[in-house]
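Asks: Provided below are the primary sequence and the corresponding predicted coordinates.
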Amino acid sequence: MNPVTVENVTVAYHSKPVLQEVSFSVPEGKLIGIIGPNGAGKSTLIKAVLGLVPRASGDVYIYGKPYKQQRKLVGYVPQRGSVDWDFPTNALDVVLMGRYGHIGWFKRPSKKDVEFAMSCLEKVGMKEYANRQISQLSGGQQQRVFLARALAQDATVYFMDEPFVGVDAATEKAIISLLNELKAQGKTVLVVHHDLQTVKEYFDWVLLLNMRKIAIGPTEETFTLENLQKTYGGRLTFLHQQHAIVNQQ
Ligand SMILES: Nc1ncnc2c1ncn2[C@@H]1O[C@H](COP(=O)(O)OP(=O)(O)OP(=O)(O)O)[C@@H](O)[C@H]1O
């Protein structure tokens, strides 16, 4: 069964549509890049799947059932910029938030939960920052803490919104090896991604989006100049660059 199925989803902000009749399914155990220009509706698509913005129409299924019934299966890494980092909390507590689906909101986390959260921090190289206030972490370190929180969720399907933005090369490598680890465990990971140069290297599948679904499928067949042209429109200089990228690889 498909981990994610989106059927005819339309989303409008203040009655202006930003996603129109988007339909697709993704296969299990793949890393899938969501690619498209600024304002294409990539973040909105993720939020619509997770029920964080209302859909004007359409349905979303996670392993064949509505998201509400499958919440526990789904992990989310929001855009770093969308979070209030001044909120007074430390890295460990942020990661423990990922466990609440398992713990229940009104119970205290057990020793086991804390140990598991610490092991997630260790995986992203942030164990020694467990007690550090999140406002006192660098952007890349904050991003790693978010990934640790997603790992703590122990989900089956992950949605990540631009996890590579503002991180250094070492952190980018750490994140991509983590994504590959999740994939090796049979998990499905959908990632909003901007750097077209790394698409072929990182992703098994791509979803090209610009208000509508332009194309979806295995990267090799789908990440073509023709599809990029359809996705990015007539930005000529830009497309020349893409032409070089597509031809280089
Ligand atoms: N809360 C909101 N209220 C009104 N309009 C919004 C809201 N959030 C997003 N939009 C608009 O919806 C469109 C799609 O935004 P979205 O953030 O989904 O695009 P994106 O593809 O993720 O862009 P980017 O690559 O710049 O992050 C944009 O035109 C944006 O201005």
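Replies: Sure thing, it's come through.
Asks: Pro163 versus Ser57, what's the distance?
Replies: Distance, Ser57 to Pro163, by Cβ to Cβ, to the nearest Å: 30 Å. The way it works is simple: take the backbone N, C-alpha and C, and place the C-beta from them, glycine included.
Asks: Quick check: Met97 vs Val74, distance?
Replies: 15 Å.
Asks: Val206: what secondary structure?
Replies: Following DSSP: H, G, I helix; E, B strand; the rest coil, the label given to Val206 is strand.
Asks: check contacts around it.
Replies: Going by Cβ atoms under 8 Å, 6 or more residues apart in numbering, Val206 touches Ile32, Gly33, Ile34, Ile35, Val199, Ala215, Ile216, Gly217, Thr219, Thr222, Phe223.
Asks: Secondary structure element holding the third one?
Replies: Spelled out, it's Ile34. Using DSSP states H and E, Ile34 maps to strand 31-35.
Asks: Name the strands paired with that strand and say parallel or antiparallel.
Replies: Sheet pairing for strand 31-35, assigned by DSSP bridges, gives strand 188-192 (parallel), strand 205-210 (parallel).
Asks: Among those, which comes closest to the ligand?
Replies: Minimum separation from the ligand across the strands paired with strand 31-35 (Cβ to the nearest ligand atom) falls at strand 188-192, 6.3 Å.
Asks: Show me what stretch 80-94 is in contact with.
Replies: With Cβ under 8 Å, 6+ apart, stretch 80-94 has contacts from 114, 117-118, 121, 126, 129-135, 137, 139, 142-143, 145-146, 148-149, 161-162, 165-166.
Asks: okay, the strands paired with strand 31-35, which one's buried deepest?
Replies: Mean neighbour count (mean count of other Cβ atoms under 10 Å) peaks for strand 188-192 among these, with a mean of 25.
Asks: Could you point out the helix or strand that follows that strand?
Replies: Taking DSSP H and E, what comes next after strand 188-192 is helix 199-202.
Asks: and for that next one, what are the contacting residues?
Replies: So helix 199-202 is contacted by Leu31, Gly33, Ile35, Ile176, Leu179, Val191, His193, Val206, Thr219, Glu220, Phe223, Gln249 (Cβ under 8 Å, 6+ apart).
Asks: One more pass at 7 Å, please.
Replies: Contacts to helix 199-202, defined as Cβ atoms under 7 Å, 6 or more residues apart in numbering, come from residues Leu31, Gly33, Ile35, Ile176, His193, Val206, Thr219, Phe223, Gln249.
Asks: Give me the buried entries from those.
Replies: Leu31, Gly33, Ile35, Ile176, His193, Val206, Thr219, Phe223 (16 or more other Cβ atoms under 10 Å).
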